[in-house]
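**Q** sharing a model prediction with you, sequence too.
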Amino acid sequence: MKHISYLLTAVIILISLCLPFEVTATEVGGVITRYDLTVEEMTTNAYSYTEQALNYAKENATDSNPITVTIPSGTYKLNGCLHIYSNTKLVLQPDTVLIKTSSSGNMLKAGIQTESNYGYDGYKNITVSGGVWDENFKGESCGMRFAHCSNVTLQNLTIKNNKNSHHLEFAAANNFKILNCTFTGYKRSNSADGMAVQIDNIHNTSHFPSYAYYDDTPCKNVTVKGCKFIDVYSGVGSYSGVAGSYFSNIVIENNYFEKVRDKAIALFNATKSYIRYNKIKYATIGIIFEYYPSDGSYNRLFAPNSSTASRTVKSNTKCTISDNSITVYKYVGRSNSSGIAVYGGVLSDSKKKSLGVSTNNLLVKELLINNNKIKVSGSTSSGLWLQYMYNSNVLNNSVSASGSTGGYNGVLMYHSRGNYVKSNRISKFNNSVMLKSYSKKNDFYSNKFKNASGFGVSVDNTSGAYINYGNSFKKNAAGKVNLRGNVYGSFAAQLKRLRVEDKQLKWFRYKDASGYVVYRSTKKKSGYKKLKTVKEKPKFKTVKVKNDKGEEEEIQKEIKKDRSFTDKTAKKGKKYYYKIMVYRKYKGSFIYGSTSKPFKIKY
């Protein structure tokens, strides 16, 4: 029996005359509350009766007076696409199952094709809760589709058995929440990407059909939390982007992924977003973050539809990938299988012109990769694949490979610069760290590199690194540090005979040093900042000595073995503390020793 409460008896009579089924009215505080569909109605024609209830809600629900449509327990065949509108809640029982029987179309979508909306102003205040939506591998359409919408919540439901499409797809959405849902079952017979939850662009009819207007409105304030993705092709995220249009505040957290053939989590053109506390158990790529298409395919990067749209490139992502547990197993033939992959890139001149952007460089900056645990299975995958990543932090991650040969590289940096890499634990790869293709000025502090079949850190002929004291190298078969073909050990050097004489720091020259870095602070135990780099420039003179045969020969003898530093910026009447660090340089790379103990000078 359906129960409807309303304001006027006349409204009851009018509605009952319009609907092809009996309406029994119940008044609750003078406010319309809900439709309860019956087992008889759902068994007779689940699509027709549910669609009529949703249409009633379309005509009568308001912001202050939403309407709930409920579907009873049971298994029902759905031979058409349901349409849901603003201020509507569609509630299924936990054991309600809707099975798709039509060979095309979606199971549920917001609105109808003839409606056109801008921005987020189409559909609002929608909740879909509970039950199982079984696509039954019918057709090649998404299970659910939403666009031009705001304040949408999907919770405690299951969408399963999709073929060559997405379980759920939405675009131009603001405040879209997916909570405690399950996505499972997928068949792929073509090259479809098959993202279980696709966060999309509202760009054109072929890309996202039936939801004009195509105004490139990005999704923002999206939460995917507590969901399960099991036995799907790809998990959740965005696969393409519009130049100058960025998704923002995308939060993907506390989700579980198992047997994901391609990528578990993907973000394209995202800012101020978070991927955290997810458990990924077997995926070819755990997490991929793109500002540039990883496959080099420009058909995933669009020019804006409007000539007045912003085409400003944003490199400062302010995004965080943290506290995720990732196990990599290579299901599909990607050359870049990895736990976490980051892709910036450089546009061709022709593509830059067609997009109308001001720069070729689509760099990823200000990305934090922190406290992730990555396990790589097999010998053809890497832990972290970082391409065109600048000025970002890689901190406290545990990255390991299984198998006798290990993976490709624990951390691969390709055209990446100015990154801070600290307190990571990397083991059982070919190289723990590999720097390639003009990757320079990357700082490595207090990392543990062990059990590599190659090197702890390997730097190619175009790259450079700052390898600071405190990195630990254990059982790296080929050596600790490979700088352009030259093998070095770690540089645990500490200056000897450092002293203060007449307000001048003096020390004994360290063998093989390229120079010394002087740090200063007004406090003994903290606050030290770099003050000066003193390059090693030994002076020699020619002297004559007798060799073993008693013959006289000329040799070069160092004139002065002491080194010194005078602080010309010190202020009279103040006291300062100084530390000095020795370093060795080789073609753009620096290996640093430990700092000396502090020395005080009062001026």
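**A** Received it, and whenever you're ready, just let me know what you need.
**Q** past the longest helix belonging to the chain, which element shows up next along the chain?
**A** Using DSSP state H, we find that the single longest helix of the chain is helix 39-60. Using DSSP states H and E, the helix or strand that follows helix 39-60 towards the C-terminus is strand 67-71.
**Q** contact partners of that next one?
**A** Contact with strand 67-71 is made by 32-37, 42, 46, 50, 53-54, 56-57, 60-61, 87-93, 96, 98, 131, as judged by CB atoms under 8 Å, 6 or more residues apart in numbering. Where you see a C-beta, it was placed from the backbone N, CA and C, and this is true even at glycine.
**Q** that older thread, for the longest helix of the chain, what is the average pLDDT?
**A** Here helix 39-60 scores 95 as its mean pLDDT.
**Q** which residues does that helix contact?
**A** With CB under 8 Å, 6+ apart, helix 39-60 has contacts from 2, 15, 19-21, 32, 35, 37, 67, 69, 71-74, 76-80, 82-88, 90, 98.
**Q** kindly give a single ChimeraX line that selects the buried subset of those.
**A** Typed into ChimeraX, the next command selects the buried ones out of the contacts of helix 39-60 (criterion: 16 or more other CB atoms under 10 Å):
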select :2,15,32,35,37,67,69,71,72,76,77,78,80,82,83,84,85,86,87,88,90,98
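**Q** which members of the contacts of helix 39-60 occur in strands, if any?
**A** 35, 67, 69, 71, 74, 76-78, 82-84, 88, 90, 98 (DSSP state E).
**Q** OK, contacts around the closest residue to Phe170 other than its chain neighbours?
**A** Of all residues not flanking Phe170 in the chain, Phe146 sits nearest, at 4.1 Å (CB to CB, 6 or more residues apart in numbering). Listed by CB under 8 Å, 6+ apart, the contact set of Phe146 reads Lys109, Ala110, Tyr123, Ile126, Val152, Glu169, Phe170, Ala171, Ala173, Phe176.
**Q** secondary structure element for Phe146?
**A** Secondary structure (DSSP H and E) places Phe146 in strand 144-155.
**Q** save the ones in strands among the contacts of helix 39-60 as TSV, and put in pLDDT too.
**A** What follows is the ones in strands among the contacts of helix 39-60, written out as TSV (pLDDT from 0 to 100):
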residue	pLDDT
Tyr35	87
Ile67	95
Val69	96
Ile71	97
Gly74	97
Tyr76	98
Lys77	97
Leu78	96
Leu82	97
His83	97
Ile84	97
Thr88	97
Leu90	98
Leu98	98
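**Q** which two among those residues are spaced furthest apart?
**A** Distances among those were taken as CB to CB; the most separated pair is Ile67 and Lys77, at 24.7 Å.
**Q** residue contacts, the residue sitting nearest the centre point of the chain?
**A** What sits nearest the mean C-alpha location of the chain, by CA atoms, centre = their mean, is Phe289, with 4.2 Å. By CB under 8 Å, 6+ apart, the contact set of Phe289 is 266-267, 270, 275, 317, 319, 321, 340-343, 364, 367.
**Q** cool, and Asn255?
**A** Val224, Lys225, Gly226, Cys227, Lys228, Phe229, Gly235, Val236, Asn278, Lys279.
**Q** just Leu363 next, same as before
**A** Residues near Leu363 by CB under 8 Å, 6+ apart: Tyr291, Ser315, Gly344, Tyr388, Met389, Tyr390.
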